[in-house]
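A.B. asks: Next input, structure requested:
(2 chains)
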Amino acid sequence: MLATVASSTLVGVEGTPISVEVHVSRGLPSFTIVGLPDASCRESRDRVRAAIISSGFKWPQQRVTVNLAPSSVRKAGAGLDLPIAMAVLAADSQIPESAVAGMGFLGELGLDGSVRKVPGVLPLVHAMRAGTVVVPPSCVPEAELVRGADVRSAAGLRGLVSVLRGESGWAARPPSPPPEPSVAGPDLADVKGQPLARLAVEVAAAGGHHLLLVGPPGAGKTMLAERLPGLLPPLGTDEALEVARIHSAAGLALPAGVLVRRPPFRAPHHSASLVSLIGGGGPQMRPGELSCAHRGVLFMDELGEFPADVLDTLRQPIEEGRVLVCRARASVVFPARVLLVGAMNPCPCGMESGSGSCRCRESARARYAARVSGPLLDRFDLRVMVDRPDVGELIGGAKADSAGAESTTTVAARVQAARHLAHGRSVTCNAELAGPSLDRVAPIHPLASRLLEVRLRQGRLSARGLHRVRRVARTLADLDGRAGPVTVDDVYGALALRADVFAAEEMVL
Amino acid sequence: MIGDEGAAGQAAYAAALSGLPGMGPATLVAVLGRWEPRRAWERVRAGRLQRPPRGQGLDFESRQTRQTPLDGAFDSGSIRCSGRTWAELSRGFDPETWWAPIAGRGIGVTWPGLATYPVALADDPHPPGVLFWRGALECLDRPCVAIVGTRRATPDGRSVAFELGRDLAGSGICVVSGLALGIDGAAHLGSLRAVDQPGAVGPVGVAASGVDVVYPRRHAGLWEQVVAAGAVVSETPPGRPAQAWRFPARNRVIAGLVRMVVVVESHAAGGSLITVEAALERGVEVRVVPGPVHSPASAGTNQLLYDGPGPVRSARDVLDALGMFLPDSKAHHARAQVGVEDEASLVPVLSSAAKAVLAAVEWRPSSLNHIVDRSATSVGTALRALDELEATGWVASERGWWVRRR
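C.D. replies: Model prediction:
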């Protein structure tokens, strides 16, 4: 007897439809799985067999062949346990074949026949070509994010079989857990002083410019970076789904019940490997931290401590907003439109300040600065020095703060308005403005263009730097609500936000 | 006393003698005081002039035993060579063929008794036995002042050294320093800035390595500029890198060459204090640039200041102390007056934004963050004002730090 059941497997962040075919025929009892299963998938044999027997069904004492089609796609993970079990039971006529026709299944089986959750349900259900999809109960909210999917849940093999035999009805949809209260992120008002860094964070959010914060330990670099996602506009439905799909595929816990619209914030530790950051690894091609931060913020603290090869692989993805990971068996495109925020110390001792408290040799400083390659440093449109706040600001500044420091809500409103202006130029943010279109969309005041010309002639600005300064200047004008030409002050502001943070001792005459 | 014409033929031998292992300055001075170089070399070859026993000899000599012989002309392994006698080492070595290409590269050598030997070193308690040079040694005939200080200088220290170097060189003073990173380099850069002025004197760099061995490497460009405008001199034979003992020895040469040592910044136990000691030993005046009391880079200089040597604020103070009232120094005088005049009379020429920003820039380095915070202006306006203030000389910037200038 032959039975076919629909399911899907994960490659990268996309599901691939899989047709599970089981053939039961006369011959010596055996159980083989063909169709490029990987090690974790081949283990299904033992789980499926045990689950069927312990649920009180009969294991066919015949020759059982499972084919996972198309056989060119590598199948990974335990998600195909449930479809294999259902196909086996249908092929052995323990459930009517008509009952499983047009149905898709997803889930890992326990030896006792219970159905367990699997990662990536959102993209998997999305890919499945089936009218009704059966998923583990805890995956229902995630599966229901897929528009038009008829989602059913099954807690165990025995219950599922009795439904399919028509002996009972579908289990009631498990009550969706109450939506997690949306925790307000940290507020920008907590940051004391730091006018330059605050502005940099605001500009980064408004224009989508990558940001490098350089400062001594304890200056508040991490604090500033953590407040950046709160300034970004909330994700649209399509964007939020896209992010949820990636997080689902990466096996991250999705908050129950609601589509998260807050942009993600990922802060990998500097021991991160290349694959963990970019994605790949194994046949499943898990998305990396870079993709997990898609449409949000990728914060790399202690940027200089990341291995140099890891840092340099970031160069092209952050420019293109996607990364094509190629392996012998598959190539996968991971979305990677992130706002990169780096933080590092100015020198190995971290104490650099104008008062000569740095204890580093010039050569040690140069070596430290060289850890971030020039091309990567160039990708940071915004590079600011963050200094330790004054003692007065930390302790005595209670009254000054309450009046002075703007809250996240105020700044986010400005950011939103600036992004709206950017939409008018048919880009999502100014960082995406193409070089040739700058003259049209970001005209500059004659005085400002003379300033830029002087800087270019002095060699203090490169041609690439010129475009970046112009984009940042455009964002500064947008934040000010001015749609007209970019002024001298905007250009000066952009130059101030693009400091030469690792300037060496002046040696040129 | 040998005539300078005769010296040309002797130079190779003097240079070769200075490269012998265990040949320290005092021995070399004694040897060259008794025989002319060629004769001395012949005695060495004949075994009649032998290496002094270790542990004897003066000052820097005793620590010299690990020195490699004559550019490895005989043998590259220094340890094996150190046991060999001078006679063995000199056999089969022709100083003239060795020296000709070096002299061809514009390197000269002088020793006590020659007219080219700096007068200031003639009656030095520990004079260099030979002095190699590249460039124009005549610079040392002008009044010489040393500007020394820490390699880990602050932006402020560097700019003081730069200005001292520039203004002293422009006033006809030969600025002597050690070509090191930090203060030394800044002083040289400053004096190079002035070389185009009429009456300016080129700088002299005293190196611890051979005059053709750039150390530190980052100063390769600076060396060539110092050679072009003034001179680089060294006791170390050409081609040899600096060994640790060469640095204090170099400092004593600096102290011996000059009429005054100005210390710009020094950590509590900095190498520039060795120069100061050597200067005091020779009765050379020491002056100190005061620094902030909290700055570790000024700990050594402030201690000196407490101990006695007088302060120096600008090139004018140095010229005064040397009793030199050159007409050029009037310019500095006039500028110093501007600094003490009532600021209010000058400020009105600035825009109101610039005035607010100027008030926020401190005399010690301030960050842009700090300036924006204190002046309560936007970042763009602040940087624009700073640009304006820098162009008019009110503030200066280095490494992103801003400091008030007047």
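A.B. asks: tell me the contacts of the spatially closest residue to A:Ala197 that is not a sequence neighbour?
C.D. replies: Taking Cβ to Cβ, 6 or more residues apart in numbering or on different chains, and ignoring the residues beside it in sequence, A:Ala197 has A:Val386 as its nearest neighbour in space, at 4.8 Å. Placement of C-beta: from N, CA and C, glycine included. Taking Cβ atoms under 8 Å, 6 or more residues apart in numbering or on different chains, we find A:Val386 in contact with A:Gln194, A:Leu196, A:Ala197, A:Leu213, A:Val214, A:Gly215, A:Ala219, A:Gly220, A:Lys221, A:Leu224, B:Asn369.
A.B. asks: ok, A:His294 - how many residues close by?
C.D. replies: The burial count assigned to A:His294 is 25, neighbours taken as other Cβ atoms under 10 Å in any protein chain shown.
A.B. asks: which residue packs closest to it, ignoring adjacent ones?
C.D. replies: Closest residue to A:His294 in three dimensions, ignoring its sequence neighbours and counting by Cβ to Cβ, 6+ apart: A:Pro335, at 4.7 Å.
A.B. asks: Can you flag which of the contacts of A:Val386 belong to helices?
C.D. replies: Of the positions in these, A:Leu196, A:Ala197, A:Lys221, A:Leu224, B:Asn369 sit in helices, assigned by DSSP state H.
A.B. asks: What's the separation between A:Arg116 and A:Leu10?
C.D. replies: The gap separating A:Arg116 from A:Leu10 is 16 Å, by Cβ to Cβ, to the nearest Å.
A.B. asks: repeat for A:Thr487
C.D. replies: Going from A:Thr487 to A:Leu10 by Cβ to Cβ gives 51 Å.
A.B. asks: how far is the helix or strand where A:Val125 lies from where the chain is centred?
C.D. replies: With the criterion set as DSSP states H and E, the secondary-structure element containing A:Val125 is helix A:121-127. Relative to the mean C-alpha coordinate of its chain, helix A:121-127 is positioned 17 Å out (Cα atoms, centre = their mean, to the nearest Å).
A.B. asks: Determine how far the next helix or strand after that helix lies from the middle of the whole chain.
C.D. replies: Proceeding N to C from helix A:121-127, the next assigned helix or strand is strand A:132-135, under DSSP H and E. Using Cα atoms, centre = their mean, we find the averaged C-alpha position of strand A:132-135 to lie 27 Å away from the chain's own average C-alpha position.
A.B. asks: Name the strands paired with strand A:132-135 and say parallel or antiparallel.
C.D. replies: With DSSP bridges as the criterion, the sheet partners recorded for strand A:132-135 are strand A:103-105 (parallel), strand A:150-153 (parallel).
A.B. asks: Quick check: mean pLDDT of it?
C.D. replies: For strand A:132-135, mean pLDDT rounds to 92.
A.B. asks: now swap in stretch B:39-50 and tell me
C.D. replies: If you average the pLDDT values across stretch B:39-50, you get 87.
A.B. asks: which ones are touching the residue nearest to A:Thr4 when sequence neighbours are not counted?
C.D. replies: In this structure, A:Thr4 finds its nearest non-sequential neighbour in A:Glu21, 5.0 Å apart by Cβ to Cβ, 6+ apart. A:Glu21 makes contact with A:Leu2, A:Ala3, A:Thr4, A:Val66, A:Asn67, A:Leu68, A:Ala69, A:Ala87 under the criterion Cβ under 8 Å, 6+ apart.
A.B. asks: quick one on the thing from earlier: out of the contacts of A:Val386, who's the most crowded?
C.D. replies: Taking other Cβ under 10 Å to define a neighbour, the member of those with the most is A:Leu213, carrying 30 neighbours.
A.B. asks: In the stretch 1-150 of chain A, what residue lies closest to chain B?
C.D. replies: Taking Cβ to the nearest Cβ as the measure, the stretch 1-150 of chain A has A:Val13 as its residue closest to chain B, at 39.2 Å.
A.B. asks: residues near that residue, how many?
C.D. replies: Neighbourhood size, A:Val13 [other Cβ under 10 Å]: 26.
A.B. asks: In this structure it contacts A:Val323, no?
C.D. replies: No. Shown here, A:Val13 and A:Val323 do not form a contact pair, counting by Cβ atoms under 8 Å, at 11.2 Å.
A.B. asks: what residues are shared contacts of the two?
C.D. replies: Common neighbours of A:Val13 and A:Val323, counting by Cβ under 8 Å, 6+ apart, are A:Ser291, A:Phe334.
A.B. asks: would A:Ile18 count as being in a strand?
C.D. replies: Yes. A:Ile18: assigned to a strand according to DSSP: H, G, I helix; E, B strand; the rest coil.
A.B. asks: which residues sit in contact with it?
C.D. replies: Applying Cβ under 8 Å, 6+ apart as the definition, the contact partners of A:Ile18 turn out to be A:Ala6, A:Ser7, A:Ser8, A:Thr9, A:Leu68, A:Ala69, A:Pro70, A:Val73, A:Lys75, A:Leu80, A:Pro83.
A.B. asks: among these, which ones are buried?
C.D. replies: Of the members of these, the ones counted as buried by neighbours, 16 or more other Cβ atoms under 10 Å in any protein chain shown, are A:Ala6, A:Ser7, A:Ser8, A:Thr9, A:Leu68, A:Val73, A:Lys75, A:Leu80, A:Pro83.
A.B. asks: Does the first one belong to a helix, a strand or coil?
C.D. replies: A:Ala6 falls in the strand class when you classify it by three-state DSSP.
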